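Engineer: Sequence and predicted model, in that order:
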Amino acid sequence: MIDSFAFYVSTLRRKFTKFCTERLEEMNVSYGQLYIIIFIGKKGNCSPSEVSNGLKLDAGHLNRTINKLIENGLINQTKNENDRRANVLSLTAKGEEIFHASKDLFKEWDEKVLSPLSDDEKAQLMNILRKVK
């Protein structure tokens with residue numbers, strides 16, 4: 001086994017992606033779509049370019065994903081009142097439900113993965129991760 005930070009991060013990411021994908025199937029949302037929903041949920045009304053810049057997503061990929069999220073009734077896209085050439089994204093009631101469910105999903109993952117650690121170890125780990133992010 002490789003004993004490096006990169007190895008552990010990539011292993012945890014693969015496991016987290018699998019965990020989320022399994023849970024999100026019931027909500028008809030993909031792992032990639034979830035982060036767009038979370039971004040819009042945290043930011044409120046925002047433009048597609050804000051999402052693209054904030055999540056470092058290619059505009060073409062983002063537009064396809066936005067269209068899918070609109071089609072599935074998770075987000076709305078309206079014209080910006082101040083600039084009719086620009087669009088504004090917001091969550092629908094169904095999108096809000098998924099946004100709030102994501103908090104429970106992340107909490108469940110944290111509890112599962114961090115269960116071997118004491119409360120002090122968890123706090124230390126979070127402090128260290130905040131420093132290296």
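Structural biologist: Happy to help now that I have it.
Engineer: got a list of what the most centrally placed residue in the chain touches?
Structural biologist: Against the mean C-alpha coordinate of the chain, by CA atoms, centre = their mean, the closest residue is residue 35 at 2.3 Å. The contact partners of residue 35, taken as CB atoms under 8 Å, 6 or more residues apart in numbering, are residue 55. C-betas here are computed from N, CA, C, even on glycine.
Engineer: how much space between the closest residue to residue 30 other than its chain neighbours and residue 122?
Structural biologist: Using CB to CB, 6 or more residues apart in numbering and skipping residues adjacent in sequence, the residue nearest residue 30 is residue 24, 6.6 Å away. Here residue 24 is placed at a distance of 25 Å from residue 122 (CB to CB, to the nearest Å).
Engineer: neighbour-wise, which of those two wins?
Structural biologist: In this comparison of residue 24 against residue 122, neighbours counted by other CB atoms under 10 Å, the higher total goes to residue 24 at 19 against 14.
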